[in-house]
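> A structural model of the following input is requested.
(one chain, ligands or ions: 1)
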Amino acid sequence: MNDMYKPFVLSIVVLCMLGGCPRFSWAQDKGIVPAPQLVDWKGGTTIVSPDSITFRTVSLKIFNAITRLESVAHPDEAYVVEVTPGRAVVTAIAEPGLFYGMQSLKQLAEPSGNDLWKLPLGRVDDAPRFSYRGFMMDVSRHFRSKEFVKKQIDAMARYKLNRLHLHLTDAAGWRLEIKQYPRLTEFAAWRNAATWKEWWNESGGRKYCDRNDPEAQGGYYSQDDIRELVQYAAERQITIIPEIEMPSHSEEVLAAYPYLSCSGEPYKNSDFCVGNEEVFTFLENVLLEVIHLFPSEYIHIGGDEAGKQAWRTCPKCQRRMQTEGLENVDALQSYLIHRIEVFLNKHGRKLLGWDEIMDGGLTPYATVMSWRGEEGGLKAAKNGHQVVMTPGEFCYLDGYQDAPITQPEAIGGYLPLSKVYAYNPVPSSFSSEQAAMILGVQGNLWAEFIPTDAHYEYMAYPRMLAIAEVGWSRPEVKSYADFFSRVLREVEWLQQSGYHPFPLDKEIGERPETRQPIKHLALGKTVIYQAPYHPKYKAQGDMTLTDGQRGGWTYSDGAWQGFISEQRLDVMIDLKQELPIHEVYADFIQMLNPEVFLPEEVIISVSVDGVHFEELKRMNHTVDKTKSVCFQKYGWEGSALARYVRYQARTLQQVNGWIFTDEIIVN
Ligand SMILES: [Zn+2]
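As a prediction, this is how the structure comes out:
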């Protein structure tokens, strides 16, 4: 059992003390995803026609009198389902609650011929933990059809997710018809390369093409498409939040309308020119059409990863900084964000942006989507900003979900279902006021390395179900073992319903080397670094390479140490006494997309005095750039006498990237 089981067991004990134990149990067998707050099965089943289900709305006061829940944080989405012989009743305060009660019934129902459902006798009392339970689709890197988006909306509804964030614009393509700027979809939505990878790398040249070009690949949503999608989503209690990127990730706009960039030329800049008043005219005109199309309270304006380089020398940007008294380019970014926020507020909307919108100061009304780790978001929440938590470590579904050597190419990382599930958006140290600033959680599925629809679903499911349960279910009702068994069933349902989920029953899990610490002669011995490790990938610091802890499927897991200096890895281990040795080796990881490579040269040498070294082995290796992920051991076997063992591993001329190793093993 894992630690998450503890609070679960504790809650049962507390309930027993209150005299409620025998009557209540959690959904252990009749699995609903996400797990409901309270279920009470009577034993036995009944047959019900889905057409005969009773839906009733009641006042908050009456609902509170009916429900067995102690407190209901988001009453509109709360519901009670009661199944008695021949009858099923859903009670809620509002439409969303009725809808979610029906979703739970759908998951509980076993088909029973003649369109009848077999349902368990009993009741479910349920309400979400968070009001914001989101999924982000990147439709820029590879365009996805309207039908495909609808299909994902159907799945989101089943799992009670209620926000679909569409990443509509980015360098790889603009995906939304804007009547006033037709070149955004006549030109910036098309390219000659089918996949993002071809487009990004040399062959595609990161260029756009005319829509009528015979080679054109891409697409966009017409305004009619958007109206259709917005309505389709609303009928399933889902709000679509549009994202229009600014001031960066805007190469495609600047290629279509070069006058909006600092250089005035296409293919030169990725940031809008903040010194140019016409940029604000453009952005406001675009946002007006966006506001008109999307009823969402929030409009997402991106705000991430601005390079700000051209702003430093652009006369217009410099003039703006001078007249507005802005000290640096961060303040210039802030200036744009604030102006856009005022504009959105004036039109009755709220600004939502990636956490970089905090750089250079944030207005109290803006809502932050925290992606660069948790810290920024938690700090914003403490300072009274509303926050949606979506830290890359837990919520970026574009990383590998199983042993990378068995998976289709991904951006990198390792994010299995269990890790997504373990995420808790609210730290235990938070007061209830601080916790209330955290609106919820969102899973993001970026699509650089996901060219096909089937692959997109493969990455989304079942990890999206873990996001759903993190967002809906209170920690006390969560248990990974229980979730896993419910998800196995849902994976089957998804397959039968035409989706392409990752087959969870075939999951390999974490790298076998990590299961037990390794014992060897150098364990706990001092490592002398001839070249430093990088502070960002220091893992456990100076002890990392002799602590017996092996690395997992990704270099960023705190067990692999990263080197990028000129010499890369060059360490000496002091065994403290002269010892006969017969083996020295280390493992290395290669992950091409984040530029982590196997070494091209490894040298192993030994010394008895720390001054004179004898080279035991020198290995040369050519990096195979077609292997997106691999693991390789480089070692020496023989017999030698040593007090000092030196291990060098470097890249030569061919590659310029990182080297990561987890342990220098001496036997
Ligand atoms: Zn400029």
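> what strand or helix carries Val274?
Val274 is part of no helix or strand, with elements assigned from DSSP states H and E.
> that one contacts Arg320, doesn't it?
Yes. Applying CB atoms under 8 Å as the test, Val274 and Arg320 come out as touching, 6.0 Å apart. Placement of C-beta: from N, CA and C, glycine included.
> give me the common contacts of those two.
Leu332, Tyr335 (CB atoms under 8 Å, 6 or more residues apart in numbering).
> which one of the two is surrounded by more residues?
Between Val274 and Arg320, Val274 has the larger neighbour count (other CB atoms under 10 Å), namely 29 against 20.
> identify the residues contacting the more buried one.
Contacts of Val274 by CB under 8 Å, 6+ apart are Pro247, Trp311, Cys317, Arg320, Leu332, Gln333, Tyr335, Leu336.
> do the same with Phe613
Ser605, Val606, Ser607, Tyr644, Arg646.
> for Glu95, same thing?
With CB under 8 Å, 6+ apart, Glu95 has these contacts: Thr57, Asp76, Gln237.
> among these, who's most crowded?
Counting by other CB under 10 Å, top hit in the contacts of Glu95: Gln237 with 21 neighbours.
> any chance of the contacts of Val274 in TSV, with distance to Glu433, pLDDT and secondary structure too?
Below are these laid out as TSV (distance: CB to CB, whole Å; pLDDT from 0 to 100; DSSP: H, G, I helix; E, B strand; the rest coil):
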residue	distance to Glu433	pLDDT	secondary structure
Pro247	33	96	coil
Trp311	38	97	helix
Cys317	40	98	helix
Arg320	38	98	helix
Leu332	33	95	helix
Gln333	30	94	helix
Tyr335	31	95	helix
Leu336	31	96	helix
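> just checking: which of these also lie near the ion?
Cys317 (CB under 5 Å from the ion).
> and which of the contacts of Val274 is nearest Gly548?
Nearest to Gly548 out of these is Gln333 (CB to CB; 45.5 Å).
> check what pLDDT Val623 gets.
You'll see Val623 listed with a pLDDT of 85.
> sec struct for Asp662, please.
What DSSP: H, G, I helix; E, B strand; the rest coil gives for Asp662 is strand.
> now do the same contact list for it.
Counting by CB under 8 Å, 6+ apart, Asp662 touches Glu513, Ala539, Thr544, Leu545, Gln549, Arg550, Gly551, Ala559, Trp560, Gln561, Ala586, Asp587.
> next one: Gly361
Per CB under 8 Å, 6+ apart, neighbours of Gly361: Ala331, Ser334.
> do the same with Thr661
Counting by CB under 8 Å, 6+ apart, Thr661 has contacts Leu545, Gly551, Trp560, Gln561, Leu569, Ala586, Asp587, Phe588, Ile589, Ala649.
> hmm, the second one is touching Pro512, no?
No. Contact between Gly551 and Pro512 fails when scored by CB under 8 Å: they sit 11.8 Å apart.
> can you name the residue of the stretch 51-200 of the chain nearest to the ion?
Ala171 (18.2 Å; CB to the ion).
> can you get me a residue count around that residue?
So Ala171, with other CB under 10 Å, has 23 neighbours.
> the most centrally placed residue in the chain and the ion: what is the separation?
With distances taken as CA atoms, centre = their mean, Tyr396 lies nearest the centre of the chain, 1.6 Å away. Applying CB to the ion, to the nearest Å, the value for Tyr396 to the ion is 31 Å.
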